[in-house]
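J.: Based on what follows, work out the 3D shape:
(chains A and B)
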Protein chains: 2
Amino acid sequence: MVEGVHFRRADGPLEDVGHKALAVNLSDLAAMGARPGWFVCALAAPSLDAAEVRALARGMARLARRFRVDLVGGNVSRARELSLTVTAFGELTGRAPLLRSGGRPGDLLYVSGTLGGARLGLLSLTGRLGAGRSVRAERRQRRPEPRVRLGRLAAAHASAAIDLSDGLTRDLGHLLAASRVGAELEADRIPVDPEVVRAFGRTGRALRTALVGGEDYELLLAVPPARAGGFERACARAGERVTRIGRLRRGRELRVLDALGRLGPPPGGGFEHFGGRGRGR
Amino acid sequence: MVEGVHFRRADGPLEDVGHKALAVNLSDLAAMGARPGWFVCALAAPSLDAAEVRALARGMARLARRFRVDLVGGNVSRARELSLTVTAFGELTGRAPLLRSGGRPGDLLYVSGTLGGARLGLLSLTGRLGAGRSVRAERRQRRPEPRVRLGRLAAAHASAAIDLSDGLTRDLGHLLAASRVGAELEADRIPVDPEVVRAFGRTGRALRTALVGGEDYELLLAVPPARAGGFERACARAGERVTRIGRLRRGRELRVLDALGRLGPPPGGGFEHFGGRGRGR
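T.: Predicted coordinates:
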């Protein structure tokens, strides 16, 4: 989490930065079906301001307590800009990890929660929503919720998983490349964040925001058809929202089935870590 | 390892930066008596230059192969300055870790290798040696050698350990605070780096450089007197150079016994992560 790249101080309290730095790491553990165990944190800053460090620590500590992870070490360093580098560790307790590479043609694709909210929040924070702002979407952007419980549940059913940091189509692309398969998404089934629908209506822009938005930190899961029923029932029992949005296919292509039944390529975009396009920060 | 704080590009090849980023982490593992296992690396940079990334990776890979540690993950991010954040993992294989807190009054203090060279190297790199330069000391500064084998050997004998990143007196201070003891160092016994002696003669400046210089990444070990003989023999067999430089005492004070047999406070200084004094970078 680098100031000026992943967050701006003006956008809100540093608690949120502490929260997010840990949350995105717990999200990675969730995507592997692991139980979070502990973490280390490297803090770099131009100077050590006690109030700032406390704020960062508070945000991190609150989330750490919820998931019972301990901070077991770290480092501090001077640097020109504020940054937090977190490394989190988890345990699999005898189960094999969920990987991006386990998907097979025919597996059903599920996504947790709703999509596009974090991107809307970024637009709101950076004044690109025009006059409007969305406090809920900004919160979504700044305080992602790692899907740890769902990840552990999915480990018993899914063949492959990834968490959605760069955007659905881009992260699905990572999963497809690792699994050496293609996929078909059904546009009508994508769970667009209600705040996105409120801001953009039921338009192509809303759908694109959900497909390429990034930073939702939901889980994308591939589940073999024979296990889909059990998986959906387990999610319902646990109160974990998942939506079936498509399936894996032979080949290497990703295609989107639109509302009129036409198959086409997905919209471009998504987060480029060093790119010109993308989130535009 | 942050550009402009821990290294300057003008000072030498980025291979050395990759080497050092991993080496200082292996040094931490060595100080706990652990066998290095694997590591993760977060790279932040203004832009991703393939030649630069390859150079960093080469330096890291060469050291990683020597110690049989694998890079198992990491992150890349945009940032205003180049930095590498490494987290290394080790295994203790049934033994308790060596900690800073295990020292007891009467334990003998040993230090590996020689001291002050890295500080001399920094002075040389930053043009503060006058006309002279010391290529050897610069190498010492830029390519520290983690004392992994000594650390594993020491785990069977020592009561406490720390690696010397901030300077002997400062890091000894950390060990004393954690062990709740004091110590007496014998100035005559401090193994001053021969390059430091060459640069400064056998002067107070040479001794101060060895005592507060920092970044030598040698190990400081406390060994109970009953185990000192066995420890020294084991080091001799393994070809690991260690020098007895003092002992732990009751109380909380650190005192230095000078060549005339006078006890006094240690010289001030050492690396302050956010300080004005210290290394002066």
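
J.: hey, let's count contacts and neighbours off CA atoms from now on
T.: Will do.

J.: Of all the residues in stretch A:86-100, which ones are buried?
T.: A:86-90, A:92, A:97-100 (16 or more other CA atoms under 10 Å in any protein chain shown).

J.: next one: stretch A:213-226
T.: Under 16+ other CA under 10 Å, the buried positions of stretch A:213-226 are A:213-224.

J.: Over to residue A:29. Which of the three states is it?
T.: helix (DSSP: H, G, I helix; E, B strand; the rest coil).

J.: what's the burial count for it?
T.: Neighbourhood size, residue A:29 [other CA atoms under 10 Å in any protein chain shown]: 28.

J.: what residues are up against it?
T.: A:35-36, A:88-90, A:148 (CA atoms under 8 Å, 6 or more residues apart in numbering or on different chains).

J.: circling back to that earlier point, could the buried residues of stretch A:86-100 go into a markdown table alongside distance to residue A:187?
T.: Below are these laid out as a markdown table (distance: CA to CA, whole Å):
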| residue | distance to residue A:187 |
| --- | --- |
| A:86 | 35 |
| A:87 | 35 |
| A:88 | 34 |
| A:89 | 35 |
| A:90 | 34 |
| A:92 | 34 |
| A:97 | 30 |
| A:98 | 26 |
| A:99 | 25 |
| A:100 | 22 |
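
J.: out of those residues, which touch chain B?
T.: On the criterion CA under 8 Å from any CA of the partner chain, residue A:87 are the entries of those that sit beside chain B.

J.: Of the buried residues of stretch A:86-100, which is the nearest to chain B?
T.: residue A:87 (7.3 Å; CA to the nearest CA).

J.: returning to that earlier point: go through the buried residues of stretch A:213-226 and flag which are in strands.
T.: A:219-223 (DSSP state E).

J.: Arrange those in TSV, one row each, with distance to residue B:254 and pLDDT as further columns.
T.: Formatted as TSV, those follow (distance: CA to CA, whole Å; pLDDT from 0 to 100):
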residue	distance to residue B:254	pLDDT
A:219	54	98
A:220	57	98
A:221	59	98
A:222	61	98
A:223	63	98
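
J.: Any chance of CSV for those residues, columns distance to chain B?
T.: Listed next are these as CSV, based on distance: CA to the nearest CA, whole Å:
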residue, distance to chain B
A:219, 19
A:220, 20
A:221, 21
A:222, 23
A:223, 25
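
J.: Let me know the closest of those to residue A:177.
T.: residue A:222 (13.6 Å; CA to CA).

J.: now that closest one: how far from residue A:9?
T.: 37 Å (CA to CA, to the nearest Å).

J.: Am I right that residue A:209 is in contact with residue A:118?
T.: No: assessed by CA atoms under 8 Å, residue A:209 is found out of contact with residue A:118, at 9.3 Å.

J.: Between the two, which is the more surrounded one?
T.: residue A:118 (30 against 27).

J.: just to revisit the earlier point, closest to residue A:109 among the contacts of residue A:29?
T.: residue A:148 (18.3 Å).

J.: So the nearest residue to that closest one once chain neighbours are set aside versus residue A:145, what's the distance?
T.: Leaving aside its chain neighbours, residue A:148 sits nearest to residue A:30 (4.4 Å; criterion: CA to CA, 6 or more residues apart in numbering or on different chains). Between residue A:30 and residue A:145 the computed distance is 11 Å (CA to CA).

J.: The two - which one has more neighbours?
T.: residue A:30 (30 against 18).

J.: In contact with the more buried one, which residues are there?
T.: Taking CA under 8 Å, 6+ apart, one finds A:36, A:146-152, A:163 in contact with residue A:30.

J.: and residue A:236, how many neighbours does it have?
T.: The number of residues near residue A:236, taken as other CA under 10 Å, comes to 12.

J.: same question, residue A:34
T.: Residue A:34 - counted by other CA under 10 Å - has 26 other residues nearby.

J.: Three-state assignment for residue A:41, please.
T.: Applying three-state DSSP: residue A:41 is strand.

J.: Per-residue pLDDT of it, please?
T.: We have a pLDDT of 98 for residue A:41.

J.: Now stretch A:154-167 - C-alpha only, CSV.
T.: In CSV, the C-alpha atoms belonging to stretch A:154-167 read as follows (Å, rounded to 0.1, in the frame of the first residue of the first chain):
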residue,chain,number,x,y,z
ALA,A,154,-14.9,-23.4,-0.7
ALA,A,155,-11.7,-25.4,-0.1
ALA,A,156,-13.9,-28.5,0.3
HIS,A,157,-15.7,-28.0,-3.0
ALA,A,158,-13.9,-25.8,-5.5
SER,A,159,-11.3,-26.8,-8.0
ALA,A,160,-9.7,-23.3,-8.4
ALA,A,161,-10.0,-19.9,-6.9
ILE,A,162,-8.6,-16.3,-7.1
ASP,A,163,-9.5,-13.2,-5.2
LEU,A,164,-10.6,-10.2,-7.3
SER,A,165,-8.0,-7.4,-6.9
ASP,A,166,-7.4,-6.4,-10.5
GLY,A,167,-11.0,-6.8,-11.9
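
J.: That stretch close to chain B?
T.: No: using CA under 8 Å from any CA, stretch A:154-167 never reaches chain B; the gap is at least 12.5 Å.

J.: Can you report the mean pLDDT over the residues of that stretch?
T.: 97.

J.: ok, now stretch A:77-91?
T.: On average, stretch A:77-91 scores 95.

J.: circling back: from the ones in strands among the buried residues of stretch A:213-226, which single one is nearest residue A:173?
T.: Distances from residue A:173 to those, taken by CA to CA, are shortest for residue A:220, at 11.2 Å.

J.: Once you drop chain neighbours, what's closest to that closest one?
T.: residue A:111 (4.5 Å).

J.: Tell me the bridge partners for the one you found.
T.: residue A:220, residue A:243 (DSSP bridges).

J.: If I look at residue A:94, what pLDDT would I see?
T.: 81.

J.: my read is it is in a strand, agree?
T.: No: counting by three-state DSSP, residue A:94 is located in no strand; its state is coil.

J.: on that earlier part again, tell me the contacts of the residue nearest to residue A:220?
T.: Here residue A:111 is in contact with A:218-221, A:242-245 (CA under 8 Å, 6+ apart).

J.: any idea how far it is from chain B?
T.: 24 Å (CA to the nearest CA, to the nearest Å).

J.: Next one: that residue from residue A:197, what distance?
T.: Residue A:111 is 18 Å from residue A:197, by CA to CA.

J.: which bits of chain A sit near chain B?
T.: A:2, A:4-5, A:42, A:47-48, A:76-81, A:85, A:87, A:273-274.

J.: Out of those residues, name the ones that lie in helices.
T.: Residues of the residues of chain A next to chain B located in helices (DSSP state H): none.

J.: among these, which ones are buried?
T.: A:2, A:5, A:42, A:47-48, A:77-80, A:85, A:87, A:273.
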